[in-house]
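In: sequence and predicted structure are below.
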Amino acid sequence: MKPEQNLMILRNCRYLITQNAKRDIFEQVDIEIQDNTIKRIGKNIATKSSDDSGVIDCSERIVMPGLVNTHTHLGMHSLRGICDDAELKDWLSIVTKAEETLDEEAVYENTLAGLREAVRFGTTTLYDSFKHPRARVRAFEKMGVRGLISASVYNKKDLKAAEQFISTINSPLLRPVIAAHSIYMTEESVLREVIAVSDDKKILRRIHVGETRKERFDIQQQRGKLPIEYLESIGFLDPKALLVHCIWITKGEIRLIGRAGAKVSHNPISNMKLASGGVMPLVEMLQEKVVVGLGTDSVASNNNLDLFEEMKLTPLLHKQHRWDPKVITPQQVLDIVTVNGAACLGLSDVGSIEIGMKADIITLDIGEHMRPVNDLLSNIVYCANGNDVNDAIIDGKVVMRNKELRKA
Ligand SMILES: [Zn+2]
């Protein structure tokens, strides 16, 4: 006999932002979820059970895909506020020392706390990199959150450990990533091995690049090429490559990224807080059809995991920088934090609410600070905040209901 399927209905969604290919927005519709998959979207879907268990009333909610955070270091959760007013070089030396005090159990507890914070603020998928990856896997599994997980590789020893870790991941919600820290902290021979592991295992490869002006000039001096040109020359650029930050890069480098189909994680709050200077050329990237996602980076340089805050800040930064309020629309911002974020992480079954997709869904209260009848997407980008999130469903399971996290 087939085991009984888990059924859930999100009843009468006041607004449903689908993020499907047509970017449909529906009003007063139901969503039926069977096990972990969205099965039906429509009016008045009948309930099979005689009672209302498994039915969530969404008649006063905005329902939308769960948000995707393309760059975090959750293991640093307890380091929030330890170094607020320093540039990257000084920040790294202070924060790296503090990281050394974190043992495996501390990383586990920090990751769990980070996941609680992220889910409360509506994030359902995160790419997380730090040490003690197995402890972080335990935390993701305990919370039931979708994740991509890596340990940063600086040298050959790290590479061995990373390869070993990759072979241990066996969870429907988790995928491994091979992550080089950066060009300036990872030798070329190791970078080439990172590429080989990513190709061999068909997994994402990630690197921090173009974060500071100094990095750009140092690399140009040491390696004779601009950072992205250098990555291209060693074969790093590829649709499996996720490039984090990309502030100090030229138009020619953007074209290289676009041509290779590599992806970019934009972390505007962290960049502003560390005074990285310049502004990530998001508008040019979108013109070159580069797929860009949003990331918070760690809470030691943000200092929270609220992607709604990141969503608002992103268009404000680029409008102000370009002296042009039309450079980016609320729809583009929403794409960056949902479907495009998922694409950055190589995930094609989350990021939108449509039949056949995995059920990663959040619901939002419609508070007095919102006026969705005027422009729903503008309300999401410019009015909503993480505290508006009421429910979070990941892979068909309720992880937060009425702002209460499920007991992990
Ligand atoms: Zn980072």
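Out: Here it is on my side, so go on.

In: pairing partners for the helix-or-strand element of the chain with minimal mean pLDDT, with directions?
Out: One helix or strand of the chain scores below all others by mean pLDDT, DSSP states H and E: strand 152-153, with a mean of 90. Looking at strand 152-153 with DSSP bridges, its partner strands are strand 178-182 (parallel).

In: number of residues surrounding the closest residue in space to Val381 that isn't next to it in sequence?
Out: The shortest distance from Val381 to any residue other than its chain neighbours is 4.3 Å, reached at Pro330 (CB to CB, 6 or more residues apart in numbering). For every residue, glycine as well, the C-beta is placed using N, CA and C. Counted by other CB atoms under 10 Å, the residues lying close to Pro330 total 17.

In: and for Thr70?
Out: Around Thr70 there are 30 residues (other CB under 10 Å).

In: quick one, what contacts it?
Out: Tyr127, Leu242, Val244, Ser265, Gly293, Leu294, Gly295, Gly341, Cys344, Leu345 (CB atoms under 8 Å, 6 or more residues apart in numbering).

In: could you measure from it over to Ile228?
Out: 18 Å (CB to CB, to the nearest Å).

In: which residues of the stretch 1-150 of the chain fall in strands?
Out: For the stretch 1-150 of the chain, applying DSSP state E, counting those that start in this stretch gives strands covering 7-17, 25-34, 37-42, 55-57, 61-65, 67-72, 123-129, 146-150.

In: what mean pLDDT does the fifth one get?
Out: Mean per-residue pLDDT for strand 61-65: 98.

In: same question, the longest one
Out: Taken as a whole, strand 7-17 has a mean pLDDT of 96.

In: off-centre distance for that strand?
Out: 24 Å (CA atoms, centre = their mean, to the nearest Å).

In: if we can go back for a sec, contacts for the least confident helix or strand of the chain next, please.
Out: Contact partners of strand 152-153, identified using CB under 8 Å, 6+ apart, comprise 129-131, 158-159, 162, 178-181, 186, 190, 194.

In: one more: stretch 75-90?
Out: 91, 94-95, 98-99, 102, 106-107, 109-111, 113-114, 117, 128, 130-132, 135-136, 211-212, 214, 273-276, 298-300, 303-304.

In: in that stretch, what's buried?
Out: By neighbour count on 16 or more other CB atoms under 10 Å, the buried set for stretch 75-90 is Gly75, Met76, His77, Ser78, Leu79, Arg80, Cys83, Ala86, Leu88.

In: pull the CA atoms of that stretch into PDB?
Out: Provided in PDB are the C-alpha atoms of stretch 75-90 (Å, rounded to 0.1, in the frame of the first residue of the first chain):
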ATOM      1  CA  GLY A  75      28.800  30.000  12.100                       C
ATOM      2  CA  MET A  76      29.800  33.600  12.900                       C
ATOM      3  CA  HIS A  77      26.400  34.400  14.500                       C
ATOM      4  CA  SER A  78      27.900  35.200  17.900                       C
ATOM      5  CA  LEU A  79      30.500  37.700  16.400                       C
ATOM      6  CA  ARG A  80      27.800  40.200  15.600                       C
ATOM      7  CA  GLY A  81      29.000  43.700  16.600                       C
ATOM      8  CA  ILE A  82      32.500  42.800  17.500                       C
ATOM      9  CA  CYS A  83      34.100  44.900  14.900                       C
ATOM     10  CA  ASP A  84      31.800  47.500  13.400                       C
ATOM     11  CA  ASP A  85      34.000  50.300  12.200                       C
ATOM     12  CA  ALA A  86      36.900  48.800  10.300                       C
ATOM     13  CA  GLU A  87      37.800  48.300   6.700                       C
ATOM     14  CA  LEU A  88      38.100  44.800   5.300                       C
ATOM     15  CA  LYS A  89      41.800  44.300   6.000                       C
ATOM     16  CA  ASP A  90      41.600  45.300   9.700                       C
END
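
In: tell me the mean pLDDT for it?
Out: Stretch 75-90 carries an average pLDDT of 92.

In: make 18 the first number, not 1, from now on.
Out: Done: numbering now begins at 18, and the last item shifts to stretch 92-107.

In: neighbouring strands for the helix or strand containing Leu259, and are they parallel or not?
Out: Following DSSP states H and E, one finds Leu259 within strand 258-262. Strands adjacent to strand 258-262 in the sheet, as given by DSSP bridges, are strand 222-226 (parallel), strand 280-283 (parallel).

In: span of stretch 179-195 from start to end?
Out: From its first residue to its last, stretch 179-195 covers 7 Å (CA to CA, to the nearest Å).

In: quick one on the thing from earlier: who wins on neighbours among the contacts of Thr87?
Out: When the contacts of Thr87 are compared by neighbour count (other CB under 10 Å), Gly358 ends up highest, at 32 neighbours.

In: domain map for the protein?
Out: Recorded structural domains for the chain (assignment: automatic domain parsing) are 24-82+369-422, 84-361.

In: need the winner for burial among these.
Out: domain 84-361 (a mean of 20; mean count of other CB atoms under 10 Å).

In: quick one: distance of it to the chain centre.
Out: Distance, centroid of domain 84-361 to centroid of chain: 9 Å (CA atoms, centre = their mean).

In: for stretch 381-400, same thing?
Out: Taking mean C-alpha positions (CA atoms, centre = their mean), stretch 381-400 and its chain are 22 Å apart.

In: restricting to C-alpha, output it in PDB.
Out: Presented in PDB, the C-alpha positions along stretch 381-400 are these (Å, rounded to 0.1, in the frame of the first residue of the first chain):
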ATOM      1  CA  LEU A 381       3.300  38.000   5.100                       C
ATOM      2  CA  ASP A 382       0.900  40.000   7.200                       C
ATOM      3  CA  ILE A 383      -0.500  43.000   5.500                       C
ATOM      4  CA  GLY A 384       0.300  45.700   8.000                       C
ATOM      5  CA  GLU A 385      -0.700  49.300   8.300                       C
ATOM      6  CA  HIS A 386       2.700  50.200   6.700                       C
ATOM      7  CA  MET A 387       1.500  48.600   3.500                       C
ATOM      8  CA  ARG A 388      -0.900  49.600   0.800                       C
ATOM      9  CA  PRO A 389      -0.700  46.600  -1.700                       C
ATOM     10  CA  VAL A 390      -3.700  47.800  -3.700                       C
ATOM     11  CA  ASN A 391      -1.500  50.600  -5.100                       C
ATOM     12  CA  ASP A 392       1.400  48.500  -6.200                       C
ATOM     13  CA  LEU A 393       2.000  45.100  -4.600                       C
ATOM     14  CA  LEU A 394       5.600  44.500  -5.600                       C
ATOM     15  CA  SER A 395       6.600  48.000  -4.600                       C
ATOM     16  CA  ASN A 396       5.100  47.200  -1.200                       C
ATOM     17  CA  ILE A 397       7.200  44.100  -0.900                       C
ATOM     18  CA  VAL A 398      10.400  45.900  -1.800                       C
ATOM     19  CA  TYR A 399      10.000  49.300  -0.100                       C
ATOM     20  CA  CYS A 400       7.500  48.800   2.700                       C
END
